[in-house]
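Trainee: Generate coordinates for the sequence data below:
(chains A and B)
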Number of protein chains: 2
Amino acid sequence: MRRSSMLAALLVLSFSAAAFADEGMWTFHDFPREQVKRAVGVDLSGAWLDQVRMATIRLSNCTASFVSADGLILTNHHCAESCLDENSTSGQNLVADGFLARTRERELKCGQQIADVLMQTENVTAKILAATAGLAAKAANDKRKSTITQLEQACEQQSRASKSGPLKCEMVDLYEGGQYWLYKYHRYTDVRLVFAPERAIAAFGGDPDNFQFPRWCLDMSVLRAYGADGKPAATPAFLRFRAGGPKLGEAVFVSGHPGSTQRLLTVAELENLRNHYLPRWLLRSSELRGRMIQYGKTSPEAHRIVEDPLNGIENSIKVRRKQLDALLDERLMKSKGDEEAALRAKVAADPALAAATGDPWGDIGRADARGEQLYLPYLYMEQGAGFNSRLFSYARTLVRAAAERAKSNTARLPEYADAALPRLQQRLEAPVPVYPALEKLTLSFSLERMREWLGPDAPIVRQLLATESPDTLAARAVDGTRLADPAVRKRLWDGGTAAVNASTDPMIVLARDIDAQSRGVRSTYEDEVEAPIEAASEKIAHARFVAYGTSLSPDATFTLRLTYGTVRGWSEDGHEVEPFTYLSRLFERATGQEPFRIPDSWQQARAELDMQTKFDLATTSDITGGNSGSPLIDANGQLVGLMFDGNIHSIAGDYWYDPELNRAVAVDPTIIFEALRKVYKANELLSELGAK
Amino acid sequence: MRRSSMLAALLVLSFSAAAFADEGMWTFHDFPREQVKRAVGVDLSGAWLDQVRMATIRLSNCTASFVSADGLILTNHHCAESCLDENSTSGQNLVADGFLARTRERELKCGQQIADVLMQTENVTAKILAATAGLAAKAANDKRKSTITQLEQACEQQSRASKSGPLKCEMVDLYEGGQYWLYKYHRYTDVRLVFAPERAIAAFGGDPDNFQFPRWCLDMSVLRAYGADGKPAATPAFLRFRAGGPKLGEAVFVSGHPGSTQRLLTVAELENLRNHYLPRWLLRSSELRGRMIQYGKTSPEAHRIVEDPLNGIENSIKVRRKQLDALLDERLMKSKGDEEAALRAKVAADPALAAATGDPWGDIGRADARGEQLYLPYLYMEQGAGFNSRLFSYARTLVRAAAERAKSNTARLPEYADAALPRLQQRLEAPVPVYPALEKLTLSFSLERMREWLGPDAPIVRQLLATESPDTLAARAVDGTRLADPAVRKRLWDGGTAAVNASTDPMIVLARDIDAQSRGVRSTYEDEVEAPIEAASEKIAHARFVAYGTSLSPDATFTLRLTYGTVRGWSEDGHEVEPFTYLSRLFERATGQEPFRIPDSWQQARAELDMQTKFDLATTSDITGGNSGSPLIDANGQLVGLMFDGNIHSIAGDYWYDPELNRAVAVDPTIIFEALRKVYKANELLSELGAK
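Mentor: The predicted structure follows:
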């Protein structure tokens, strides 16, 4: 522990000088093999990296991995919860009861899911910088966006003609504008559900235990990728389980898609998060949590309907409140200030660099101040905080897609560019259930908060609520709309501008009536806040490269990364937290009441179960949201765990990595096999997983 | 405006050197007559001060004033809302419909209300300091409390024998331990409801308009004090209305009971509020707001039941979130830091003072750090955050009162000292309605959050929720208890320890089972956090007196204060906000939907109403919560307004007074008379108010 203590002290003093301990969400194309070798004594070969990359999957909001040659996918239960929810009815609750398809014919379609595998990457930084060179911030921002659209479109067109087959091309911005890469994916759009345990064991302890360790969660589910031919995908690059799991102190690796970190933000940006964004978000979401919980008490069906969105909100509340704690921690802000001062000193010491850099930190501070004036209308009108409703989202998508598709590809809002349309259409036409009572709850809530925060005399509020209350408007729009029907949505999509303009559907009318105002708010925000911040961030990124090269890993961007670490606990208030948990304690800790209730299936199998089975485990891996479902891999490329969470200290990892306290949490393979064998008797699945 | 701008700039630089502009919540016994004369050109006589003091009333959580010689009391609607709520039933909603007693016989008892008038004050600082001299922090804290109990008891005993008649004696701590005063009140315990308008006009604009100006609220109600003989109290010292209201720029005074300000806190204490207390409070309360709103939608009766507590929570949320904004404002923290540094420099420059003072700022920082370790259990177990329920409060009061009354007066917890018992009994035995559904909602909510914040493995959580969920425990305790019946509570009170120990009432059992643990948490907190902070605060207060005398007013303590100011608007984002509003705009702004719905009574009287009637007005008075219902008084001692709110900037007044932006908001007498005459045709009331 001495070494880490020293490193932690260094970290506070000088965060940016180099990567420490197990910090770093590294790209596969810039993976620091030498550093890893020194740190954990493992030299990862090119073949290892290729195999792991090809076996790692990006789901719509999680990570997963192939675990058989027939497209079998392992991920978390909470990553499949939306799919379980979509396939549930008032008579059959798959979230609560679990699911097992004993034959492939019985596997259930996840209507909105995708599975992406990263096939190629291409550095296009020079092209972007050349396109925007010499332009002022607003013009550069517009040009950057249209160039990105062009490059993505060209990439997809080329791929269709090549032997690799069609690829999804997405621009990735690394180091806050420091590098631009085209990431090229093979995309599966037909993903089906194979297995999920009951939520009571997948998320034993529920929200109280979330982001805690020790834990006892079988947070797993199994999906399968299907090809365009409707057959299980052939996936020769898959990971094999090492059924006994990893050892204490063993070097382990996590391949996955960390969603977002903010370690390279300026102090002004962090203060903006701390002073404005996080407190407001927490206020809104805590109230919505309360509304949902109370609604869920009105009937068992209401409880079922609200469970999935409520889980999502409670998870996010825990994340955001610990983020706020981190930003209120003086040590963190001091470290960020020191880091910024060190970089600024290096810039000032180099006259050419100083001239090229200017004062981007000041520019960001000024843009943030302007942003604070523009943010609330932007948040409520354009970012959806005022219109929290799936039906409204459909309506806005239909209204905007009709208008945007009539324009040239590069003139569109980026989310309606050609490359984005297939995914948009998939989501729009997916037959997912819509619950009117929940829609009214969220829409009324969000309209009411829009009125509170923009004020009753704001033009948009006067326009919408001149004679209606949030409740009556929400009820009229939700009860009157037909957009819950995928066929209606498809007709409006296919009908384009004419169909949308002719529609009298109240949700379409609502989206249409506020569209011009909302677009106006957005373009002002983009021109006066986003554009100068982008321009300034590029300058800071350039300065940072000159000063430090790529010795720091880029912030997470929900793109493929590899982290290294070891299986290890930590010290909390003077006592040691062991890195493994065991099945016996699960039964001791159960109360019989949700969320501490053990499912009947486990109670029935109790006598057969080996109480010494390892359950969950902790590692020093530097991961974050988006890594859920990631494979934990050993030096030989074998699967030794399924990441599903971090400890409470890991949340501050958004801003910095603390090697003393930050721990990732995984399901141990031992409990996976024990449960599949004795509780679920999932013999077909065990056999496909190669279990003896 | 020049003068104020300059003063605002000074304020930022050097907040503590003297009182500026209209800042200051002054005691009547240290009222700065000369300063007021210079500032607003009015010399208030001793007779003026006596008359105003005797006419000003402290209600249980508000201010009020006598407005006739027969005990008629003017206060806000929101100060009488609990009384309206208590007197409502599912068939008759006085909060929504309003109330008018056309004869005295029809006036309705407010079971929990009191009306206190300050008769005498006595400086006892020397006695307290002598009692605690030379003691260490914990011993001094204990001794201070027992001395306070003794002095209050002796004061009440003496008063019973004197010609003034029995007085309520309460110790007041001014300047955070700098001065101790006995405040001696005449207390009316029989307060009845005479008039209240509909809530829709009293709180037109509801929560969205709360803390906003311009406003259109008739936030008034009329009560009456009755003597022990059951007859209306004789109150010769009352305030007469000046029916036309005040003029623009006129000097005006507010007499009242500002509840609490924190302008003299140290930087460490402010950071503690900012980093811990306020974010947690806001998270909890926002969720409870959501639960209450959603519960209110389940039926009209649920809506009625939840309205009063919901209004209270929404008001507090707005206050706390603007307090957090203020503490996140770097200007404020810089100013506080500078102020603290200036005082510390003065201390350091005076060797004797430095020796006597030590390092109380450091002591407070260390006590806060220890407090952060102890706070959550203290908050949830002892301060009620884990047991949010009226029925539980009854149970705890009964359990503790039985144990405490068996002890000597000075050995008791202070809230059970002899001087406190009559009020405790009044509240305990008041026949107020208890709603089981609401009790279950709040109790389940608070148990659930206790589990979240203390963790599922905390001993208290394991004890309470080993086999129950928050919902099932709350349902069992609420459904099983008989404490909703005042007669049952009275029997348990009268039965003392034997009755309480023999009780099998589940709420009593719950309170009894956790009492030892909860007392233990409290005494640790008091010894290790409160005691060193009290000791340090006394030292800082002493240093501040040496440096500045009493040129600053003490922080608000819900005791009688007088502020001076003028009728004036302010400048907001470059446009001027006028200090008066008029009736015409009320009708333009109405939407027909709550909370922007004008009551039918006003719609029916609309044609008769003078649309140019002044409605609400803004002044520079330095007031805060607790001042609600305060009289606004002119230089001649006439009533020219009824305070009911502040603008949004006034909330930062908790920490500093900003003369540029901080405004208090009152109802203009003109609309009061127009409404009583034309809408409510309250001729008896008008006649008693001396209207022609």
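Trainee: Excluding chain neighbours, what is closest to the residue of the stretch 501-650 of chain A found nearest chain B?
Mentor: Minimum separation of the stretch 501-650 of chain A from chain B (C-beta to the nearest C-beta) falls at residue A:593, amounting to 3.8 Å. Backbone N, C-alpha and C define where each C-beta goes, glycine included. Excluding the flanking residues, the one nearest residue A:593 by C-beta to C-beta, 6 or more residues apart in numbering or on different chains is residue B:469, at 3.8 Å.
Trainee: That neighbour: neighbour count?
Mentor: 20 (other C-beta atoms under 10 Å in any protein chain shown).
Trainee: what does residue A:432 give?
Mentor: 17.
Trainee: That one: what's it in contact with?
Mentor: Applying C-beta atoms under 8 Å, 6 or more residues apart in numbering or on different chains to residue A:432 gives the contacts A:86, A:111-112.
Trainee: Does residue A:298 belong to a helix, a strand or coil?
Mentor: With DSSP: H, G, I helix; E, B strand; the rest coil as the basis, residue A:298 sits in coil.
Trainee: so the residue of the stretch 501-650 of chain A closest to chain B makes contact with residue B:472?
Mentor: Yes. Judged on C-beta atoms under 8 Å, residue A:593 makes contact with residue B:472 at a distance of 6.7 Å.
Trainee: did I read that right, residue A:192 in a strand?
Mentor: Yes. Looking at residue A:192 with three-state DSSP, it is inside a strand.
Trainee: Specify the beta-bridge partners of it.
Mentor: Counting by DSSP bridges, residue A:192 is bridged to residue A:109, residue A:224.
Trainee: Identify the residues contacting it.
Mentor: Counted by C-beta under 8 Å, 6+ apart, residue A:192 has contacts A:101, A:107-110, A:223-224, A:226.
Trainee: would you list these in a markdown table and tack on neighbour count?
Mentor: Listed next are the contacts of residue A:192 as a markdown table, based on neighbours: other C-beta atoms under 10 Å in any protein chain shown:
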| residue | neighbour count |
| --- | --- |
| A:101 | 18 |
| A:107 | 20 |
| A:108 | 17 |
| A:109 | 16 |
| A:110 | 24 |
| A:223 | 29 |
| A:224 | 26 |
| A:226 | 20 |
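Trainee: Can you check what angle separates the helix or strand where residue A:294 lies from helix B:278-296?
Mentor: Per DSSP states H and E, residue A:294 falls inside helix A:278-296. Helix A:278-296 runs at 30 degrees relative to helix B:278-296, counting by axes from the mean of the first three to the mean of the last three C-alpha atoms, to 10 degrees.
Trainee: Near the residue of the stretch 301-450 of chain A found nearest chain B, how many other residues are there?
Mentor: The minimum distance from the stretch 301-450 of chain A to chain B, using C-beta to the nearest C-beta, falls at residue A:328 (4.4 Å). Using other C-beta under 10 Å, residue A:328 has 17 other residues around it.
Trainee: quick one: pLDDT of it?
Mentor: Residue A:328 is assigned 94 on the pLDDT scale.
Trainee: ok, and the closest non-adjacent residue to it?
Mentor: Residue A:328 sits nearest to residue B:275 (C-beta to C-beta, 6+ apart), 4.4 Å away.
Trainee: show me what contacts residue A:493?
Mentor: A:398, A:401, A:425, A:428-429.
Trainee: and if we set it to 6 Å?
Mentor: With C-beta atoms under 6 Å, 6 or more residues apart in numbering or on different chains as the criterion, no residue contacts residue A:493.
Trainee: likewise the one 4 residues further on?
Mentor: Residues touching residue A:497, when contacts are defined by C-beta under 6 Å, 6+ apart, comprise residue A:402.
Trainee: average pLDDT across stretch A:466-479?
Mentor: 97.
Trainee: What residues of whichever strand or helix holds residue A:498 count as buried?
Mentor: In this structure, residue A:498 sits in helix A:486-502 according to DSSP H and E. Under the neighbour-count criterion of 16 or more other C-beta atoms under 10 Å in any protein chain shown, helix A:486-502 has A:486, A:488-489, A:492-493, A:500 buried.
Trainee: And what about residue A:550, helix, strand or coil?
Mentor: Three-state call for residue A:550 (three-state DSSP): coil.
Trainee: Looking at the nearest residue to it once chain neighbours are set aside now. What's its pLDDT?
Mentor: Ranked by C-beta to C-beta, 6+ apart and with sequence neighbours excluded, the top spatial neighbour of residue A:550 is residue A:30, at 5.7 Å. Among the per-residue scores, residue A:30 holds a pLDDT of 94.
Trainee: and the next element down the chain from the helix holding residue A:498?
Mentor: Using DSSP H and E, the first helix or strand after helix A:486-502 is helix A:506-513.
Trainee: what's in contact with that next one?
Mentor: With C-beta under 6 Å, 6+ apart, helix A:506-513 has contacts from A:391-392, A:395-396, A:399, A:476-477, A:480-481, A:483.
Trainee: Kindly recompute the last result at 8 Å.
Mentor: Counting by C-beta under 8 Å, 6+ apart, A:387, A:389, A:391-392, A:394-396, A:398-399, A:463-464, A:476-478, A:480-481, A:483, A:492, A:500-501, A:503 sit against helix A:506-513.
Trainee: And those, which of them are buried?
Mentor: A:387, A:389, A:391-392, A:394-396, A:398-399, A:464, A:477-478, A:481, A:483, A:492, A:500, A:503.
Trainee: So, low pLDDT: which residues of the stretch 301-450 of chain A?
Mentor: Filtered on pLDDT under 70, the stretch 301-450 of chain A yields no residues whatsoever.
Trainee: what about residue A:240, distance to residue A:67?
Mentor: 8 Å (C-beta to C-beta, to the nearest Å).
Trainee: quick one: which of the two has more around it?
Mentor: Taking neighbours as other C-beta under 10 Å, residue A:240 and residue A:67 compare with residue A:67 leading, 25 against 14.
Trainee: quick one: residue A:302 and residue A:436, what's the gap?
Mentor: Counting by C-beta to C-beta, the gap from residue A:302 to residue A:436 is 12 Å.
Trainee: Name the residue in the two with the higher neighbour count.
Mentor: residue A:302 (18 against 14).
Trainee: The nearest residue to residue A:382 once chain neighbours are set aside is in what secondary structure piece?
Mentor: Spatial nearest neighbour of residue A:382, excluding adjacent residues (C-beta to C-beta, 6+ apart): residue A:522 at 4.4 Å. Assigned by DSSP H and E, residue A:522 belongs to helix A:515-525.
Trainee: Check residue A:641 too.
Mentor: Using DSSP H and E, residue A:641 falls in strand A:639-646.
Trainee: which of the residues in the next helix or strand after that strand are buried?
Mentor: Once strand A:639-646 ends, the next helix or strand along the chain (criterion: DSSP H and E) is strand A:664-667. Across strand A:664-667, burial judged by 16+ other C-beta under 10 Å covers A:664-667.
Trainee: just checking, what packs against whichever helix or strand comes after strand A:664-667?
Mentor: Once strand A:664-667 ends, the next helix or strand along the chain (criterion: DSSP H and E) is helix A:669-674. Applying 3 or more C-beta pairs under 8 Å, 6 or more residues apart in numbering or on different chains; DSSP states H and E, one finds that helix A:669-674 contacts strand A:614-619, strand A:639-646.
Trainee: Brilliant, that's me finished.
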